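In: Sequence isn't available, so here's the structure alone:
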């Protein structure tokens, strides 16, 4: 119930709270504006990155990575238990998908 100055202490108008994963409106607006800025300047960005890469390729690559964080979702790190058999199986699958495009070097399992 509302008191004289709004809601009672410890109570709110939304008792279930903000839904999990719901974005803050201001953050959402900023992300959308930033994405629109990038999209409108994509040709310029390519030119600017080319200029930087001529002298400092590592810096250009770092900038690409930093810019991508504002558009692409963050990926979670996972641990994988890779065996020699699973590695060989994956290499065969990749070779079947790209028979003329890749040279897959033999990798020995460290286990």
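Out: The structure has been received and is ready for your questions. Not measured: the values here are computed from a predicted model.

In: any weak-confidence spans in this structure?
Out: Residues of the chain that meet the criterion pLDDT under 70 lie in 1-6, 10, 70-71, 101-111.

In: switch the cut-off to 50
Out: Applying pLDDT under 50 to the chain picks out residues 109, 111.

In: just the helices in it please.
Out: 25-40, 42-55, 57-68, 84-97 (DSSP state H).

In: So for stretch 50-62, what gets flagged as buried?
Out: Neighbour counts over stretch 50-62 (16 or more other CB atoms under 10 Å) mark 52, 60 as buried. (Glycine included, C-beta is placed from N, CA and C.)

In: begin at 472 from here
Out: Sounds good: first residue 472 from here, last item stretch 521-533.

In: Between the two ends of it, how far is it?
Out: 13 Å (CA to CA, to the nearest Å).

In: Residues contacting it, please?
Out: 520, 534 (CB atoms under 8 Å, 6 or more residues apart in numbering).

In: and if we set it to 6 Å?
Out: Residues external to stretch 521-533 that are found in contact with it (CB atoms under 6 Å, 6 or more residues apart in numbering): residue 520.

In: next one: stretch 563-571
Out: Stretch 563-571 is contacted by no other residue when judged by CB under 6 Å, 6+ apart.

In: Could you dump the helices of the chain into JSON lines with distance to residue 478 added?
Out: Below are the helices of the chain laid out as JSON lines (distance: least, CB to CB, whole Å):
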{"stretch": "helix 496-511", "distance to residue 478": "20"}
{"stretch": "helix 513-526", "distance to residue 478": "47"}
{"stretch": "helix 528-539", "distance to residue 478": "42"}
{"stretch": "helix 555-568", "distance to residue 478": "56"}
